[in-house]
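Student: build me a model from this:
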Amino acid sequence: MDLKEVMAVNLRRLRHDKQMTQEELADQSGLSARYIGAIERADVSASVTVLGQIAEALGIEPGELLKESSRLR
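Tutor: Residues are numbered from 1 along each chain as shown. Down below sits the predicted model:
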């Protein structure tokens, strides 16, 4: 699994864990819901800046979005 896919899976899982919609996450991170969806589908690669915005909105460390867990393998 490439890093873009790892981030997609982690973002979706973490967002669901926080019981947030894509729209809520978009509002809190200053991004569009369409862009959040594209990241969750691994259609686009998020920049480091975007990674930080998303992490801050979720209340997590940015590295959490990039960790490949044994569940993903």
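
Student: count the residues that sit near residue 8.
Tutor: Residue 8: 21 surrounding residues under other CB atoms under 10 Å. Where C-beta positions appear, they are placed from N, C-alpha and C, glycine not excepted.

Student: my bad, should have said residue 44
Tutor: Counted with other CB under 10 Å, residues neighbouring residue 44 total 14.

Student: residues contacting it?
Tutor: Remark: with contacts taken as CB atoms under 8 Å, 6 or more residues apart in numbering, residue 44 is in contact with 4, 35, 38.

Student: and the second one, helix, strand or coil?
Tutor: By that I understand residue 35. Three-state call for residue 35 (DSSP: H, G, I helix; E, B strand; the rest coil): helix.

Student: and the closest residue in space to residue 28 that isn't next to it in sequence, how far from residue 2?
Tutor: Excluding the flanking residues, the one nearest residue 28 by CB to CB, 6 or more residues apart in numbering is residue 57, at 3.9 Å. Plainly put, residue 57 is 24 Å away from residue 2 if you go by CB to CB, to the nearest Å.
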